[in-house]
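Chemist: Quick one, structure for this:
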Amino acid sequence: MRIGIDARSITGKTCGVSRVVLRMLEALSRMGLSDQFIVYTDQIDDLELGNGFLVRRTGLSRMNVLNDLRFSRMLYADGVDIFLSGHSWLPLFLRGRMLKTVMIYDIFSVTDSDFFRKRGLLGPLYRFYFFLITMHTVRRADCVFTISEYCKREIQRVYPFAKRIEVVYLSPGIAYDHRLPEPLRSVNAGYILYVGNFRSYKNIDVLLRGYALYAEAAGALRLVLAGNDDPATLRQLITELGIGDRIDFFTRPVDAALYGLYRHAAMLVQPSKYEGFGIPPIEAMSFDVPVIVSDAEALIEVTAGSAIVFRKDDPADLCHAIQRIESDATLRANFVSKGKKNIKRFSWDASARKLMEILRCDAPKTQWSDR
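Modeler: Okay, the predicted model is just below:
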């Protein structure tokens, strides 16, 4: 089979979706498959994926729908049998008799009324646009891959006409490797770590308010926030809470920096209102770091009893969870042990095998069309 994978989300900027697509491609490459893979990128062409993988640099941004027709022609010319979009939506125009599949990581752009808050009065228009392109994607896809049972239920709830939805779990994008040298540190070991963006669903205001209560109660640990977003969006609240001198920001951290941050953290907090999966908690567990998560459904699903859970709308409950981890060595050791067992459930190789099993099973049976 000739399998086309839309990997245009991979850029020089490290983020969740690009990291997931890259790790999945690497796992597929390790399988030694006889299929031919064509990996379509935008500006990146130096991916090292081995035999059977051709990387095509398209120069067509996935963010511009005007590129969809040209991209579809490219797929048609390449004779793609199976098409997998790695970034939550299908191109508007897909020619040819190919199996159409897509990986949808979440639908927060549709379900979260605050997702486009920074767009002001245009926010509802952005939200409606993403509702339409996601509807178009789910309606046309022969199979939707998603990353948790929670996400599957949400897609089914909002788009009940979906033909087929399969769950393929993610895995740590960065993991501890004892063979690697000791990473350089720019903060002293022992701090509360958050890894992720600062969008509304990440619930950073509750994290900051919970940390402020912890600091007010004479808590000694600093808070480290690592992600790709501009920290200026949080400055006003941090100033109001009086915790500016206790917070360190790491903006656009490369893998080596994240490796060091995980390795020397006292704990990781994932405070989200909701998540599609939640990679940072299992990454932290791979470094023997105890984890605190909110009671968001996907986080409970992924951590499966291996993390302390707090109520996502309650800063005081988060403060109490931080204090418990900090003060109780037995509790810390218990959750580190549970984390080690939990991460055994996740493997990029296993996820890639499941993905290919579904694609190969469906390919000869699906009635392909030019819908």
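Chemist: For this structure, just list every one of the helices.
Modeler: In the chain, the helices defined using DSSP state H lie at 16-30, 68-77, 108-111, 123-140, 149-158, 204-216, 235-241, 255-263, 279-286, 297-303, 315-327, 329-342, 348-362.
Chemist: Ok, which of these comes nearest N51?
Modeler: When the helices of the chain are compared by Cβ to Cβ, helix 16-30 sits nearest N51, at 8.5 Å. Placement of C-beta: from N, CA and C, glycine included.
Chemist: And that closest one, what does it pack against?
Modeler: strand 53-57, helix 279-286, helix 348-362 (3 or more Cβ pairs under 8 Å, 6 or more residues apart in numbering; DSSP states H and E).
Chemist: any chance of these in a markdown table, plus distance to T41, mean neighbour count and mean pLDDT?
Modeler: Formatted as a markdown table, the helices and strands packed on helix 16-30 follow (distance: least, Cβ to Cβ, whole Å; neighbours: other Cβ atoms under 10 Å; pLDDT from 0 to 100):
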| stretch | distance to T41 | mean neighbour count | mean pLDDT |
| --- | --- | --- | --- |
| strand 53-57 | 5 | 16 | 92 |
| helix 279-286 | 22 | 26 | 96 |
| helix 348-362 | 19 | 17 | 89 |
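Chemist: how about the ones you listed, which one is nearest L99?
Modeler: Nearest of those (Cβ to Cβ): helix 348-362, 6.3 Å.
Chemist: what's the closest one packed up against?
Modeler: helix 16-30, strand 99-104, strand 143-146.
Chemist: how about 6 Å then?
Modeler: helix 16-30 (3 or more Cβ pairs under 6 Å, 6 or more residues apart in numbering; DSSP states H and E).
Chemist: buried ones in the helix it packs on?
Modeler: 16-29 (16 or more other Cβ atoms under 10 Å).
Chemist: Also stretch 302-314?
Modeler: Here stretch 302-314 shows V302, T303, S306, A307, I308, V309, F310, K312, D314 as buried, counting by 16+ other Cβ under 10 Å.
Chemist: Could you export the residues you listed as TSV, including distance to F335?
Modeler: Formatted as TSV, these follow (distance: Cβ to Cβ, whole Å):
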residue	distance to F335
V302	15
T303	10
S306	7
A307	7
I308	7
V309	11
F310	13
K312	19
D314	20
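Chemist: from those, which is closest to R73?
Modeler: V302 (39.2 Å).
Chemist: May I have the residues that are in contact with the residue lying closest to the closest one once chain neighbours are set aside?
Modeler: The shortest distance from V302 to any non-neighbouring residue, by Cβ to Cβ, 6 or more residues apart in numbering, is to G278 (5.1 Å). Residues near G278 by Cβ atoms under 6 Å, 6 or more residues apart in numbering: Q270, A298, L299, V302.
Chemist: The same query, at a cut-off of 10 Å, please.
Modeler: 147-148, 170, 196, 270, 272, 291, 293-294, 296, 298-303, 307 (Cβ atoms under 10 Å, 6 or more residues apart in numbering).
Chemist: Also G227?
Modeler: 15-16, 194-199, 202, 204, 249-253, 280.
Chemist: which one among these gets closest to I44?
Modeler: C15 (13.3 Å).
Chemist: Out of the helices and strands packed on helix 16-30, which gets nearest to E216?
Modeler: helix 279-286 (25.4 Å).
Chemist: relative to helix 16-30, how tilted is that closest one?
Modeler: Angle of helix 279-286 versus helix 16-30, following axes from the mean of the first three to the mean of the last three Cα atoms, to 10 degrees, is 60 degrees.
Chemist: what angle separates helix 279-286 from helix 255-263?
Modeler: 70 degrees.
Chemist: Packing partners of helix 279-286?
Modeler: helix 16-30, strand 191-195, helix 255-263, strand 267-270, strand 291-294, helix 297-303, helix 329-342 (3 or more Cβ pairs under 10 Å, 6 or more residues apart in numbering; DSSP states H and E).
Chemist: What mean pLDDT does the fourth one get?
Modeler: Across strand 267-270, pLDDT averages out at 98.
Chemist: what's the closest of the helices and strands packed on helix 16-30 to L132?
Modeler: Once the helices and strands packed on helix 16-30 are compared by Cβ to Cβ, helix 348-362 is nearest, at 26.0 Å.
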